[in-house]
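Enquirer: Predicted model and sequence follow; I will ask about them next.
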Number of protein chains: 2
Amino acid sequence: MTHDSPYSMDLLINHITNLVTVRALGSRFKRGKEMTDIGLIRDGAVGIDNERIVFVGTSSDVDESRAKYVINGKGKTVTPGFVDSHTHLVFAGTREHEFSLRNAGASYAEIHRSGGGINNTVRATRSASKEELLRLSLHRLDTCLSFGTTTVEIKSGYGLTFEHEVKMLEVIQELRERHVLDVVSTCLGAHTIPFDYKDRRQDYIAMLLDQLIPYVAEHRLAEFVDVFCEEGAFSIDEGRSILQRAVDKGLGVKVHADQLTSLGGSRLAAEFGAVSADHLDHLSDEDIVAMKRSGTVAVVLPGVSLFLGLPMADARRLIEQGLPVAVATDANPGSCMSENIQLMMTVAGTMMHLTVEEIFTAVTLNAAAALRRSEILGSIEVGKQADLLIFDVPSYEMIPYHMGVNHLSCVIKRGRKVLDTMQEKFND
Amino acid sequence: MTHDSPYSMDLLINHITNLVTVRALGSRFKRGKEMTDIGLIRDGAVGIDNERIVFVGTSSDVDESRAKYVINGKGKTVTPGFVDSHTHLVFAGTREHEFSLRNAGASYAEIHRSGGGINNTVRATRSASKEELLRLSLHRLDTCLSFGTTTVEIKSGYGLTFEHEVKMLEVIQELRERHVLDVVSTCLGAHTIPFDYKDRRQDYIAMLLDQLIPYVAEHRLAEFVDVFCEEGAFSIDEGRSILQRAVDKGLGVKVHADQLTSLGGSRLAAEFGAVSADHLDHLSDEDIVAMKRSGTVAVVLPGVSLFLGLPMADARRLIEQGLPVAVATDANPGSCMSENIQLMMTVAGTMMHLTVEEIFTAVTLNAAAALRRSEILGSIEVGKQADLLIFDVPSYEMIPYHMGVNHLSCVIKRGRKVLDTMQEKFND
């Protein structure tokens, strides 16, 4: 690099004790054993200019005088911003009462059948105005950010009529304008058949195929279409027709697959070359082979199992068999009321048996790949968007190890500080 | 109450949407079904004078003009300060590397045998100065406080020589002087036989009996003596001689019981009328009956199971069979690196199937009873010490339900605000 001006970087973070780059080296994601390579640099340095990363290396390779502002990274760990690739963060009505019922013995299915469960959220979300949903969701994004999430996917799926699904997706669009986080929008009209379509199943699916998906595509209200393939939700054949319509309209696809039973959702995802199949609690070896062929990211959601008191997906096996695995929160009011991606990292270690290195890959590069964004996000490499986290610990292993305790001290989003508990002398 | 002065209260918290009193009504603890009674008051009020609670009731029963300062509790939940009745918070040397090894498949026992595990902490703690241990521990107490813990028990047990156990206990004493939290000290010289006594088991036990316990009693360095009864640690007979010496010297007793195997530690605890038996992953019906007779509190530690990826203690059964159950963190660097009592509350719900009401009783009144302090702590009642938490949520159920997210906005300790994110206009 040659430069005329004395400053070639807006910002330099220097002398970083542990710099976790998660270097992708041009790969879309890391699979299997590759997930253990987090590209750790000791005494590292990251240079940022405008919104991009312009230097990554060791402190000895960088000239501090070429940076406008310098942050001292001594004693700190720097990582890529976390990507939460699966959430349902736009909703009204929390369900804390069900939490107590379920803990006392009622099953998720029982609560659902008794008119509770998702129906409660659907009613509350339909009743809420866009302004109310926006207010609630902005606050939740602040919570995501406080744990280091810099990019979040949000699904619709609590409106479940044309009008209310569009309302949710418009709220998600507005969040993109109003919040510093990158927000990725997914249409999950195919979340469940809502109570008011109970006896008109085909009408609801026709609405999705003929009204909602075309409208979403035309108005660019979502980048992905997702289907919940499960007994009680949508069959594989129904899922196939919905995903086909999405693909025909130029949208990307995702599948809620094989969560409660082995229905074949993951193979359906593979059939469509979906960016991700999510949940994956019940996978056959054939399902895994199919996903490997299609390059579909396996998104596991340890918080759901923790929140519902259920066994964890066998993420260890998915990695051993060569899949790229991502970890996300599934933040939602019914099965995982948590925006805390760091807690999911810990539980991915303790209950899913991922190593710390695999965990970091799973919430950065692979999670970005699950949102088709790993070319610009998910690792600290020259040319990528400057989304960085600074943790006030010298060892990256401390982050998932210190369970339920948040060491995040600074978030840099698109090159600018958006959260800072360090009170570093850096302003612009 | 009649009063001459215009002010009869230093502080009044008024119009509290959910006031969780956990009223004890003179009982030492709540057992079985009683644990569901949290004494909820809607539109509640708590008056404080000096360090004590002087009024508990509804807002309509209180005269605001009689309070020097008033906090508006509308939209808030107020609970007793949480009591963390089982921690090992004084130590040097974290063990994040083992976290990764264990997640990748190494068992806790394998790590221990290979010279890792507790031996690492013992070496680091012996090497650390009192000043260093104090610095590390003060920071950890701040973390406890940030999650609402206002009273914490801390055990020795990483020194494991006379000299270094005394050093740890002196650090715990100094924490009592230096930190706003109430700190309760327990001597756990009988944590394990240390590596340097490997072939001199009887010498180590003799040191405990003849030197350490008498010295601790004489210098009032601890209130309780605890024994880890487990294969690889101390036998029941060894435990009995240690507890007998403690009782003879006027100290209270506790037992780490039946964690990994059903050795009989809980019955030993009952035999001595111990204030608590802790862990309790493997209890027989006879063990439970014995504990009921002796009035021993059953302390369960969900964070250990979460951190080690092990099955949870069957706390539901303990409650059904009529025991008083408390929940604690077991904060320690090897099997549960977490000061976050709120996370333990959530997991006690989702994985141990306690109701939200039982959870609140388990971290307040029953936890205070596990430290012989339920006459002054653990509930919001007239005459008790004014340790209160104000959460920025209108429903108490939200606190464990919102997993991994901390809604605590203000801590009042002995009548004074010690943590405040609300920026309430209250100063003294």
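Expert: Yep, it's here.

Enquirer: Which strands or helices does the helix or strand where A:Asn366 lies pack on?
Expert: For A:Asn366, the element it lies in under DSSP states H and E is helix A:365-369. If contacts are counted by 3 or more Cβ pairs under 8 Å, 6 or more residues apart in numbering or on different chains; DSSP states H and E, helix A:365-369 sits against strand A:82-84, strand A:297-300, strand A:325-327. Placement of C-beta: from N, CA and C, glycine included.

Enquirer: Could you dump these into JSON lines and include mean neighbour count and mean pLDDT?
Expert: Formatted as JSON lines, the helices and strands packed on helix A:365-369 follow (neighbours: other Cβ atoms under 10 Å in any protein chain shown; pLDDT from 0 to 100):
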{"stretch": "strand A:82-84", "mean neighbour count": "31", "mean pLDDT": "98"}
{"stretch": "strand A:297-300", "mean neighbour count": "30", "mean pLDDT": "98"}
{"stretch": "strand A:325-327", "mean neighbour count": "31", "mean pLDDT": "98"}
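
Enquirer: want to throw those into a markdown table with distance to chain B?
Expert: A markdown table is the format used below for those (distance: least, Cβ to the nearest Cβ, whole Å):
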| stretch | distance to chain B |
| --- | --- |
| strand A:82-84 | 13 |
| strand A:297-300 | 14 |
| strand A:325-327 | 13 |
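
Enquirer: pLDDT below threshold where in the stretch 101-250 of chain A?
Expert: Within the stretch 101-250 of chain A, the stretches with pLDDT under 70 are A:108, A:114-115.

Enquirer: burial count for the residue in it that chain B sits nearest to?
Expert: Ranked by Cβ to the nearest Cβ, the top residue of the stretch 101-250 of chain A for proximity to chain B is A:Asn103, at 4.3 Å. The number of residues packed near A:Asn103 is 25, by other Cβ atoms under 10 Å in any protein chain shown.

Enquirer: how close does it sit to B:Gly322?
Expert: As judged by Cβ to Cβ, to the nearest Å, A:Asn103 and B:Gly322 stand 19 Å apart.

Enquirer: Around chain B, which positions in chain A sit nearby?
Expert: A:94-97, A:99-100, A:103-105, A:143, A:303, A:306-309, A:336-340, A:342-343, A:347, A:349-351, A:353-357, A:395, A:397-398, A:400-405 (Cβ under 8 Å from any Cβ of the partner chain).

Enquirer: which of these are buried?
Expert: Buried subset of the residues of chain A next to chain B (neighbour count, 16 or more other Cβ atoms under 10 Å in any protein chain shown): A:94-96, A:99-100, A:103-104, A:143, A:303, A:306-309, A:336-340, A:342-343, A:347, A:349-351, A:353-357, A:395, A:397-398, A:400-405.

Enquirer: now, which of the residues you listed lie within helices?
Expert: A:96, A:99-100, A:103, A:143, A:303, A:306-308, A:342-343, A:347, A:349-350, A:356-357, A:398, A:400-401 (DSSP state H).

Enquirer: The closest residue to A:Ala24 other than its chain neighbours and chain B, how far apart?
Expert: Excluding its sequence neighbours, the residue lying closest to A:Ala24 (Cβ to Cβ, 6 or more residues apart in numbering or on different chains) is A:Ser379, at 4.7 Å. Remark: distance between A:Ser379 and chain B (Cβ to the nearest Cβ, to the nearest Å) = 20 Å.

Enquirer: Pull the contacting residues for A:Ser379.
Expert: Neighbouring residues of A:Ser379 by Cβ atoms under 8 Å, 6 or more residues apart in numbering or on different chains: A:21-24, A:39, A:80, A:364-365, A:368.

Enquirer: farthest-separated two in those?
Expert: Spanning the widest gap among the contacts of A:Ser379 are A:Gly39 and A:Ala368, at 14.7 Å by Cβ to Cβ.

Enquirer: Would you mind telling me which of these two has the busier surroundings?
Expert: A:Ala368 (32 against 20).

Enquirer: For the closest residue to that one other than its chain neighbours, what are phi and psi?
Expert: Of all residues not flanking A:Ala368 in the chain, A:Gly378 sits nearest, at 3.1 Å (Cβ to Cβ, 6+ apart). Main-chain torsions, A:Gly378, degrees, to the nearest 10: phi 90, psi -10.

Enquirer: so who does A:Gly378 touch?
Expert: Per Cβ under 8 Å, 6+ apart, neighbours of A:Gly378: A:22, A:24, A:80, A:83, A:364-369, A:384.

Enquirer: same deal with A:Asp142?
Expert: A:Asp142 neighbours (Cβ under 8 Å, 6+ apart): none.

Enquirer: Recalculate using a threshold of 10 Å.
Expert: A:179-181, A:339, A:419 (Cβ atoms under 10 Å, 6 or more residues apart in numbering or on different chains).
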